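J.: Next input, structure requested:
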Amino acid sequence: MFSTLQRLAGFAGLYVLADRHTGKSIGISLWETEAALQAWEHMRRPMVADRAAAAGHTEQEGSSYEVVFNSLTSPMSTAPVPGTSH
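T.: The predicted structure follows:
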């Protein structure tokens, strides 16, 4: 799947985090624009469902978040996120 992601316009990176004790994992993909994310989401659902079913797993949740802070580069936005405090 990573090679598919690399070929998509707007792809900016991928993190896969895993708890080796429980076998749970979380995939976090990064996109340059919301439009690129939406295009990926449209493609992703059937791909993930097929792979999960083949492995005997199910996708538990899918969500989209905006990067509002990144310690590796300058802040992405100075606007506060609703429901948070500085």
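
J.: from the middle of its chain, how far away would the helix or strand bottoming out on mean pLDDT in the chain be?
T.: Within the chain, no helix or strand scores below helix 34-55, which has a mean of 82 by mean pLDDT, DSSP states H and E. On the basis of CA atoms, centre = their mean, to the nearest Å, helix 34-55 sits 10 Å off its chain's mean C-alpha point.

J.: Which neighbouring elements make contact with that helix?
T.: Helices and strands touching helix 34-55, by 3 or more CB pairs under 8 Å, 6 or more residues apart in numbering; DSSP states H and E, are strand 25-31. C-betas here are computed from N, CA, C, even on glycine.

J.: Now do the buried residues in the strand it packs on.
T.: By neighbour count on 16 or more other CB atoms under 10 Å, the buried set for strand 25-31 is 29, 31.

J.: Could you spell out the sheet neighbours of that strand, each with its direction?
T.: Strand 25-31 sits in its sheet next to strand 11-18 (antiparallel), going by DSSP bridges.

J.: just the angle between the partner strand and helix 34-55, please?
T.: 40 degrees (axes from the mean of the first three to the mean of the last three CA atoms, to 10 degrees).

J.: Which residues outside strand 11-18 are in contact with it?
T.: With contact meaning CB atoms under 8 Å, 6 or more residues apart in numbering, strand 11-18 is reached by 2, 5, 24-32, 36, 40.

J.: Determine which two of those are furthest apart.
T.: Greatest spacing in the contacts of strand 11-18, by CB to CB: 24 and 32 (28.3 Å).
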